[in-house]
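Chemist: Here's a sequence, model it:
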Amino acid sequence: MFNIKLKGPWKELVSILNSYDKRLIYVRRRACKDLAEAFLERLKENAPEGEEFNAYIKSLEVVELTHTRGIPAFAIISRRSKVKLGTLMGNEATAKTVAYIYPSQGEVTSPVTELISSVNPWPLDLVPHGLSGDDFMLVHRIVTEGEMKWARQQVLELISENRGEFRRYGIHWGKAVEQDRHSDELESLPDFMSLAIRAEFGINADHQPHWRPAMKWVIANAVKILEKDKLIKGALHDWLFKEHTLVKKSGLPSVSAKDFLKEAGAFQKKVLSM
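Modeler: Numbers count the residues shown, from 1 in each chain. Take a look at the predicted model:
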């Protein structure tokens, strides 16, 4: 009969091995979160400079993706909020900002809706009074001086050729009267994606790449980033570690993977293609 006596911390090792599958799941989720947060930090460090980029950079945040079939996933999104056109007026970026005006339901519902949306974009100072926020959806973006000049010419021609039609529907320019729907009150969403792409690739703008350099940096430094996380070390090596047994949220906002891909899938494919 043989009797084998094992020496060393076998109790601790067995404890780790018995829960190693759960520990690895925990580590995987933790690692994805760490890398996403490092990515955002690096992205902001490399962010384009200039007043027109401030709101865009401020809008970026890390979220946890849901409905991913059990696969942990985190992403960086731009959390946009509508702003009134009046708040876009009177600052440095005003002269470079245009608004795209579309039917709110995606379909033309009246002759005036068709007229207004037939020419885009609109310089902010030419957006007329009398438009209903229920009938139109606005998106604003920064453009070049040449693009602004072209947009102004197109809109002025439309106005000149259709003054009678606009007047018939209560659409006008100049001073607003009390009963008017003032153009300053219309709400618009910022088009941060086009701003980011222009800067990233230098399209009619200064070349200020920040997404691709940040991604390359995270890939090159992934091991160093994860080595700094004491919880990952604990999950892999500490037999007394219990974090993997607790049901905890990441503490980050959540977005469904489907919604994320619908909103940012094309942007992600274009900007992060190496």
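Chemist: quick one: the strands in the stretch 101-250 of the chain?
Modeler: Assigned by DSSP state E, counting those that start in this stretch, the strands in the stretch 101-250 of the chain fall at 122-123, 136-142, 187-190.
Chemist: what are the ranges of the helices in the stretch 1-150 of the chain?
Modeler: 10-18, 20-45, 51-59, 85-88, 111-117, 145-161 (DSSP state H, counting those that start in this stretch).
Chemist: gap between the second one and the chain center?
Modeler: Looking back up the chat, that one is helix 20-45. Distance, stretch centre to chain centre, for helix 20-45: 19 Å (Cα atoms, centre = their mean, to the nearest Å).
Chemist: I'd like to know which elements that helix is packed against.
Modeler: Packing contacts for helix 20-45, counted by 3 or more Cβ pairs under 8 Å, 6 or more residues apart in numbering; DSSP states H and E, involve strand 60-66, strand 74-78, helix 211-220, helix 222-227, helix 230-237. The way it works is simple: take the backbone N, C-alpha and C, and place the C-beta from them, glycine included.
Chemist: Dump the first one to PDB, restricted to CA.
Modeler: Yep, that's strand 60-66 we're talking about. C-alpha atoms of strand 60-66 as PDB (Å, rounded to 0.1, in the frame of the first residue of the first chain):
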ATOM      1  CA  LEU A  60     -18.000  60.600 -24.300                       C
ATOM      2  CA  GLU A  61     -18.500  57.900 -21.600                       C
ATOM      3  CA  VAL A  62     -18.000  54.200 -21.000                       C
ATOM      4  CA  VAL A  63     -21.100  52.000 -20.900                       C
ATOM      5  CA  GLU A  64     -21.700  48.300 -20.400                       C
ATOM      6  CA  LEU A  65     -23.500  46.600 -23.300                       C
ATOM      7  CA  THR A  66     -26.400  44.300 -22.500                       C
END
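Chemist: counting contacts, what elements does that strand pack onto?
Modeler: Using 3+ Cβ pairs under 8 Å, 6+ apart: strand 60-66 touches helix 20-45, strand 74-78, strand 254-256, helix 257-271.
Chemist: Low-confidence ranges, this protein, go.
Modeler: Counting by pLDDT under 70, the ranges of the chain that qualify are 1-20, 106-108, 178-179, 239, 245, 247, 273-274.
Chemist: most neighbours per residue, which of the helices and strands packed on helix 20-45?
Modeler: Comparing these by mean neighbour count (mean count of other Cβ atoms under 10 Å), strand 74-78 ranks first with a mean of 19.
Chemist: orientation of it relative to helix 20-45 in degrees?
Modeler: 30 degrees (axes from the mean of the first three to the mean of the last three Cα atoms, to 10 degrees).
Chemist: residues in contact with the residue nearest to Asn46 when sequence neighbours are not counted?
Modeler: Once flanking residues are discounted, Asn46 sits nearest to His210: 4.1 Å by Cβ to Cβ, 6 or more residues apart in numbering. Applying Cβ atoms under 8 Å, 6 or more residues apart in numbering to His210 gives the contacts 43, 46-48, 196, 199-200.
Chemist: Need phi/psi at His210.
Modeler: With angles defined as degrees, to the nearest 10, His210 sits at phi -140, psi -30.
Chemist: That one and Ala36, how far apart?
Modeler: 16 Å (Cβ to Cβ, to the nearest Å).
Chemist: Relative to Asp229, which of the contacts of His210 is nearest.
Modeler: Checking the contacts of His210 against Asp229 with Cβ to Cβ, the nearest one is Leu43 at 19.5 Å.
Chemist: okay, how far is it across stretch 68-86, tip to tip?
Modeler: 41 Å (Cα to Cα, to the nearest Å).
Chemist: swap that for stretch 177-189, sorry
Modeler: 26 Å.
Chemist: buried ones in it?
Modeler: Applying a neighbour-count criterion of 16 or more other Cβ atoms under 10 Å, one finds 181, 183, 186, 188-189 buried in stretch 177-189.
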